[in-house]
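Peer 1: one predicted model, sequence on top.
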Amino acid sequence: MKIKVFAPAFYDLSKVVDGYLDIDNDATVDDAFNMLKIDDQYKKILIALVNYERVKLSKTLRDGDTLNIIGPVNGG
């Protein structure tokens, strides 16, 4: 199945083609994070949105979902 991915460019986007990630059926957000090679330490601070709703890493993805990955806001 394919999901639309919006993620910062400093993650491994090599598996994202034209904005879409090919992922196994019934994969979770955590599975998608692993495909993007996001370290476990960062998973704790990133915000995951599926179809623009905040979700946990255990959320099961469906074909056509949109996954947004948002990092913490920095400032100074």
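Peer 2: Yes, it's here. Fair warning: this is a prediction, and the values are worked out from it, not measured in the lab.

Peer 1: got any ranges where the chain has weak pLDDT?
Peer 2: 74-76 (pLDDT under 70).

Peer 1: ok, longest helix in it?
Peer 2: helix 29-35 (DSSP state H).

Peer 1: for that helix, list the C-alpha coordinates in CSV.
Peer 2: What follows is helix 29-35, C-alpha atoms only, in CSV (Å, rounded to 0.1, in the frame of the first residue of the first chain):
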residue,chain,number,x,y,z
VAL,A,29,3.5,4.5,12.2
ASP,A,30,6.5,2.9,13.9
ASP,A,31,7.1,0.7,10.9
ALA,A,32,7.1,3.8,8.7
PHE,A,33,9.5,5.6,11.1
ASN,A,34,11.8,2.5,10.8
MET,A,35,11.7,2.7,7.0
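
Peer 1: and that helix, what does it pack onto?
Peer 2: Other helices and strands packing on helix 29-35, by 3 or more C-beta pairs under 8 Å, 6 or more residues apart in numbering; DSSP states H and E, are strand 47-50, strand 66-70. The way it works is simple: take the backbone N, C-alpha and C, and place the C-beta from them, glycine included.

Peer 1: give me the distance from the longest one to the chain's centre.
Peer 2: Same thing as strand 66-70. For strand 66-70, the separation from the chain centroid amounts to 5 Å (computed by C-alpha atoms, centre = their mean, to the nearest Å).

Peer 1: what about the helices in this structure?
Peer 2: 29-35, 40-43.

Peer 1: residues in contact with the longest one?
Peer 2: Outside of helix 29-35, the residues within contact range by C-beta atoms under 8 Å, 6 or more residues apart in numbering are 3, 5, 15, 21, 23-24, 43, 46, 48, 50, 55-59, 61, 67, 69.
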